Every structure is written in C-alpha cells, then in structure tokens.
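>>> Next input, structure requested:
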Amino acid sequence: MSNLHVLSKIQIKKASHVISEAFFNDPLMTYLFPEIKERKFKLSSMMELLIRIGMKYGVVQATSPHIEGIAVWFPSNKAKITPTMGFLNGGISYFFKLRGKTIKKQNKIYNYIYSKHKELMPSDHWYLSIIGINPLFQGKGWSTLLLNSMFTQIDKQNLPYYLDTNNKENISIYERFGFEIVEEYKLPNANLVNWAMIREI
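Below is the predicted model:
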C-alpha cells in the first residue's frame with residue numbers, strides 16, 4: 001500500500017482506540033451505547049473486533065506508524081460480518097461484555113443495514129466499512145490519503161465502491177471523492193437516518 005502503514009497485530013488496540021475516539025459521538029454509536037461509561041468501555045472492543053475481522057477478510061489501512069487514522073474495507077462477498085467470523089477472531093470476549101439486550105439491538109440494526117446494502121448493491125464491489133481519524137488530527141488530509149490509496153489500487157479492478165453513513169456531516173466529504181447518494185432510509189426503532197452511497201468507476 002503506497003505511502004501507508006501496514007498495521008501489525010500489536011497495534012490493533014491502539015487502532016481500535018483511534019476509531020472509537022473518532023466515532024464516540026456518532027449517532028449510531030450513541031444509540032447502541034447511550035450511557036457514556038458503557039460506550040467508553042465497549043466501543044473500543046467493538047472496533048477492535050472489526051479491525052481483527054478486517055485484517056483477516058479484507059483490507060485495513062493505517063495512515064502511518066502513529067496511526068492518525070485507519071480505514072477498514074471488505075470485498076462484497078465478505079461485507080456481512082457473520083457470528084462465525086466474529087468468534088474466530090476474538091469475538092467471544094466482546095460478546096461477553098455486552099448484555100443480551102445490547103446484542104439484540106446491535107444485530108437488528110446491522111442486519112437491516114446489510115439488507116439495504118445487498119439490495120442497493122447486488123454486484124461485486126468494495127465496501128468501506130469504516131474510516132476514522134483521531135480527533136486531534138482531523139482536517140489534515142489523512143482521510144484523503146486513506147481513500148485515494150484504496151482507489152489507486154481498486155480502480156484497476158473496475159469495481160465500484162459502497163458505503164453508508166448515518167452522520168449527515170460526512171455526506172459532503174464523501175461526495176468530494178465521487179460518492180453519490182443512492183438512497184436515504186430510516187433505521188428501525190432508532191430514529192436515525194442512514195445514507196447509502198456509491199462511487200462508480
């Protein structure tokens with residue numbers, strides 16, 4: 001990955017902390033973990049599991065050894081994270097931390113998001129699962145580095161890209177990189193709106 005750092009296993013916890021800080025006030029994360037103490041305790045574990053799964057089944061990019069930011073991508077055939085993928089990559093400890101009610105709420109939301117994903121983008125593509133920059137380094141071009149590096153690699157495959165966001169402020173950022181909104185929809189029981197976006201080749 002040109003100009004990017006290859007994340008090592010010993011850096012996973014640091015990377016998960018960066019992502020959890022970046023998404024600490026994200027609307028979906030505050031819905032899943034409404035209590036601040038709970039969010040501090042569980043969000044980093046959630047992101048650690050995502051990174052571990054991404055390293056196994058997709059592409060995980062870090063900005064530099066200092067990990068100012070990180071992006072996790074999946075090919076479309078691995079875009080749905082299954083319980084098996086979770087358990088095989090350390091998910092048992094994460095699920096142990098969650099109450100049953102939280103797991104049920106999380107599964108309902110993410111299953112619905114994936115159903116919309118599959119409906120709107122049935123062909124082969126790459127999925128931007130998450131991208132986050134340490135709040136101390138936001139606005140310094142790190143997102144541009146992460147996105148453009150992936151585009152440089154994957155554009156050669158002539159595959160489109162898909163992402164979804166529930167943060168309206170992110171839409172204009174993604175639009176600058178060629179993503180377009182294909183659908184706006186509400187998440188079940190969450191009083192949140194999700195925007196599905198596609199970047200065609």
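
>>> pLDDT score for Thr102?
Looking at Thr102, its pLDDT stands at 74.

>>> same question but for Glu68, I mixed them up
95.

>>> ditto for Gln138
89.

>>> Equivalent analysis for Ile131, please.
96.

>>> What of Phe177?
Confidence for Phe177, expressed as pLDDT, is 96.

>>> Leaving out the residues flanking it, which one is nearest to it?
Spatial nearest neighbour of Phe177, chain neighbours left out: Leu147 (5.3 Å); criterion: CB to CB, 6 or more residues apart in numbering. Glycine gets a C-beta too; all of them are placed from N, C-alpha and C.

>>> Is my assumption valid that that neighbour occupies a position in a strand?
No - counting by DSSP: H, G, I helix; E, B strand; the rest coil, Leu147 is not part of a strand but helix.

>>> shaky segments in the chain?
For the chain, the stretches with pLDDT under 70 are 1-3, 90-101.

>>> Just the helices from it, written as ranges.
12-22, 27-32, 36-57, 83-87, 91-97, 100-120, 142-154, 171-176 (DSSP state H).

>>> which residue is nearest the centroid of the chain?
The residue lying closest to the centre of the chain (CA atoms, centre = their mean) is Ile130, at 2.0 Å.

>>> so that one touches Ser20, yeah?
No - the pair Ile130 / Ser20 is not scored as a contact, 10.7 Å apart, by CB atoms under 8 Å.

>>> closest one to Ser76 among the helices of the chain?
Among the helices of the chain, helix 100-120 comes nearest to Ser76, with 8.8 Å by CB to CB.

>>> Would you pull up how far the closest one lies from the middle of the chain?
A distance of 14 Å separates the centroid of the chain from that of helix 100-120, by CA atoms, centre = their mean, to the nearest Å.

>>> swap in stretch 147-166?
The answer for stretch 147-166 is 14 Å, by CA atoms, centre = their mean.

>>> so Leu147 touches Ala71, yeah?
Yes - contact between Leu147 and Ala71 holds when scored by CB under 8 Å: they sit 7.3 Å apart.

>>> Okay, and the beta partners of Pro75?
Residues in a beta bridge with Pro75, per DSSP bridges, are Trp126.

>>> That one: neighbouring residues, count only.
Counted by other CB atoms under 10 Å, the residues lying close to Pro75 total 16.

>>> With Leu49 instead?
So Leu49, with other CB under 10 Å, has 22 neighbours.

>>> wait, isn't Met55 in contact with Val6?
No - Met55 is beyond contact range of Val6, at 9.8 Å (criterion: CB under 8 Å).

>>> Neighbour count for those two, which is higher?
When neighbours are counted by other CB under 10 Å, Met55 and Val6 differ, and Met55 comes out ahead with 18 against 11.

>>> Give me the distance between the residue nearest to that one when sequence neighbours are not counted and Ser64.
Distances taken as CB to CB, 6+ apart place Leu7 nearest to Met55, at 6.9 Å, with adjacent residues excluded. Going from Leu7 to Ser64 by CB to CB, to the nearest Å gives 11 Å.
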